[in-house]
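> Structure for this input, please:
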Amino acid sequence: MATLTIAIIIVFCIGYFFIAVESVTKINKAAIALLMLVATWTLFMMNPANYLPNAVDGQTASVVSEVIERHLGATSTTLFFLMGAMTIVELVDQNGGFNFVRDAMQTRSKRALLWRIAFMTFFLSAILDNLTTSIVMIMILRKLVDNHKDRIIYASLVIIAANSGGAFSPIGDVTTIMLWNKGVITASGVISELILPSIVSMVIPAYIMSLSLKGQLSSESDLTQVSEENGLSATQRKCIFFLGVGGLIFVPIFKSITHLPPFVGILLVLSVLWTVTEIFFAHAETTEENNSMQKRVAQILTRIDMSTILFFLGILMAVACLETIGVLTMLGEGLNSVFDSNNYLITGIIGVLSSIVDNVPLVAGCMGMYPVAPTGDMAVDGIFWQLLAYCAGVGGSMLIIGSAAGVVVMGLEKITFGWYLKHISWIVLLGYLAGMLCYWVEKTFIF
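Below you'll find the model as predicted:
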């Protein structure tokens, strides 16, 4: 078993290395991720009984199939949420829905724009979620910043602010939703005690990044208007905006009411928006039929970045294999053993790890490994659980592929892993540590 486990880990590490050097090899990261998926699970199938006691002769195929389908189902919820959110945001954007947000953010000062983007992304992420917010902000950035070198700095800040904003909200990140649903944190507790550390983790990187931005934006970039000659009235465009953005806000409410996964709410919003826009376009008086067709959902769906979707599929399923063979659990137990009961060190390292592997199985492993105590650091809203929410959320910003927001922005703005590692990762680390220090001060002298 040890040999097979090591082989799977080696395959994962080799795949991860090639994803990291994508800019050098010119091999799309989605292709590598899919190879990782196939290779890890193929190695797993050489002796699945070592990891699944129920996989005895005659039942191996059915037991393994059940495990893979369970992980695929969990992964698919992320993929469908991503596709639905991207389509909704693109539809609203194509029909001028975000124009007023863009207008409110307009400024010729590069540094002033950076701070506006930082705080708007931070608070939008807490209300919506870090993934959707990142997509919205990148769409707005494309209208405001023409220079790609400047735009990738702003885009990197979007990743940082979105992850920091999601960390203090019970609905802002997948991991906080998991912890909230599990009952180990409360909405009031996590908001009141993590909002300040989360702001610190965003403000420090934003300040350092602002030092590299000087001067003003070109007049062409921030004054360009989106054509509204699509056959829709101003009222219809506003209706599309409120249905789209209001629908995204409604998703966590829908989840709390129905207890259905978030992707079901996203598909509800998409289906309603799709129906309404089809009615609008069917009755629109326009001579620009081709332009109208380009703004319909059916056409927008063809422009979804499938390479990003497939990358998600590959990397999450490869991580699922590591989870199945028990590597993540052993890692968590090792941390607990080495660092004893130092929750700051344990959760801090988990946060760093969440930038390398998906934070969802890491947090899930921690929830299964550490029982909730009636009092102390492991109690509801205890230091361990709140730090876990903070570290798993903010830590994902250290590497561009460490969070859903990072992966999406990476695909949309073509930011390379190497550039982000060289210019942004160390800045995120400073903010991450400063936020933990801020939390320590809070727990020591305030709460």
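
> Show me what whichever strand or helix holds Val269 is packed against.
In the assignment (DSSP states H and E), Val269 maps to helix 262-283. Here helix 262-283 touches helix 60-94, helix 234-258, helix 297-301, going by 3 or more C-beta pairs under 8 Å, 6 or more residues apart in numbering; DSSP states H and E. Backbone N, C-alpha and C define where each C-beta goes, glycine included.

> Give the rounded mean pLDDT of the shortest one.
The reference is to helix 297-301. Per-residue pLDDT over helix 297-301 has a mean of 78.

> May I see the buried residues of the helix or strand immediately after that helix in the chain?
Next in sequence after helix 297-301, counting helices and strands by DSSP H and E, comes helix 306-324. Neighbour counts over helix 306-324 (16 or more other C-beta atoms under 10 Å) mark 308-324 as buried.

> Using CSV, write down the CA coordinates of helix 306-324.
Taking C-alpha atoms only, helix 306-324 is exported to CSV below (Å, rounded to 0.1, in the frame of the first residue of the first chain):
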residue,chain,number,x,y,z
MET,A,306,-14.3,25.2,-21.3
SER,A,307,-10.6,24.8,-20.6
THR,A,308,-11.1,26.4,-17.2
ILE,A,309,-14.0,24.1,-16.5
LEU,A,310,-12.0,21.0,-17.5
PHE,A,311,-9.1,22.2,-15.4
PHE,A,312,-11.4,22.4,-12.4
LEU,A,313,-12.6,18.9,-13.2
GLY,A,314,-9.1,17.4,-13.4
ILE,A,315,-7.6,19.1,-10.4
LEU,A,316,-10.5,18.5,-8.0
MET,A,317,-10.9,14.8,-9.0
ALA,A,318,-7.1,14.3,-8.6
VAL,A,319,-7.3,15.9,-5.1
ALA,A,320,-10.3,13.6,-4.5
CYS,A,321,-8.1,10.6,-5.1
LEU,A,322,-5.6,11.9,-2.5
GLU,A,323,-8.4,12.3,-0.1
THR,A,324,-9.7,8.7,-0.8
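
> Just want the angle from it to helix 60-94.
140 degrees (axes from the mean of the first three to the mean of the last three C-alpha atoms, to 10 degrees).

> and after helix 306-324, which helix or strand comes next?
Using DSSP H and E, the helix or strand that directly follows helix 306-324 along the chain is helix 327-338.

> can you state the direction angle for whichever helix or strand comes after that following helix and helix 327-338?
Next in sequence after helix 327-338, counting helices and strands by DSSP H and E, comes helix 343-353. Between helix 343-353 and helix 327-338, the angle comes out at 150 degrees (the same axes, to 10 degrees).

> so how far is helix 343-353 from its chain's centroid?
19 Å (C-alpha atoms, centre = their mean, to the nearest Å).

> before we move on, the earlier item: list the buried residues of the helix holding Val269.
Under the neighbour-count criterion of 16+ other C-beta under 10 Å, helix 262-283 has 262-270, 273-274, 277, 280-281 buried.

> Out of the helices and strands packed on helix 262-283, which one sits most buried?
helix 60-94 (a mean of 19; mean count of other C-beta atoms under 10 Å).

> Report the mean per-residue pLDDT for that helix.
Helix 60-94 comes out with an average pLDDT of 82.

> try stretch 310-325
So the average pLDDT for stretch 310-325 ends up being 84.

> Not counting that stretch itself, show me its contacts.
5, 8-9, 12, 15, 19, 29-30, 32-37, 40-41, 44, 51-52, 67, 71-72, 74-75, 78-79, 82, 328-329, 357-358, 361, 364-365, 401, 404, 407, 411 (C-beta atoms under 8 Å, 6 or more residues apart in numbering).

> go again using 6 Å as the cut-off
Residues outside stretch 310-325 that contact it (C-beta atoms under 6 Å, 6 or more residues apart in numbering): 5, 12, 29-30, 33-34, 36-37, 40-41, 44, 51, 71, 75, 79, 328, 357-358, 361.

> out of the buried residues of helix 262-283, what pair is the most spread apart?
Largest separation among the buried residues of helix 262-283 by C-beta to C-beta: Pro262 and Phe281, giving 28.2 Å.

> Now render the helices and strands packed on helix 262-283 as a markdown table, adding distance to Ile195.
Output for the helices and strands packed on helix 262-283, formatted as a markdown table (distance: least, C-beta to C-beta, whole Å):
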| stretch | distance to Ile195 |
| --- | --- |
| helix 60-94 | 24 |
| helix 234-258 | 18 |
| helix 297-301 | 35 |
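
> For Ser337, find the nearest of the ones you listed.
Across the helices and strands packed on helix 262-283, closest to Ser337 is helix 60-94 (C-beta to C-beta), at 27.3 Å.

> Give the other helices and strands that the closest one contacts.
Helix 60-94 sits against helix 130-144, helix 234-258, helix 262-283, helix 297-301, helix 306-324, with contacts defined as 3 or more C-beta pairs under 6 Å, 6 or more residues apart in numbering; DSSP states H and E.

> can you redo those helices as CSV with distance to Thr60?
Putting the helices and strands packed on helix 60-94 into CSV (distance: least, C-beta to C-beta, whole Å) gives the following:
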stretch, distance to Thr60
helix 130-144, 37
helix 234-258, 36
helix 262-283, 31
helix 297-301, 39
helix 306-324, 14
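
> how near is the closest residue to Thr107 other than its chain neighbours to Met105?
Using C-beta to C-beta, 6 or more residues apart in numbering and skipping the chain neighbours, the partner closest in space to Thr107 is Leu113 (5.3 Å). Computed as C-beta to C-beta, to the nearest Å, the Leu113 to Met105 distance reads 7 Å.

> neighbour count winner among the two?
Between Leu113 and Met105, Leu113 has the larger neighbour count (other C-beta atoms under 10 Å), namely 23 against 19.
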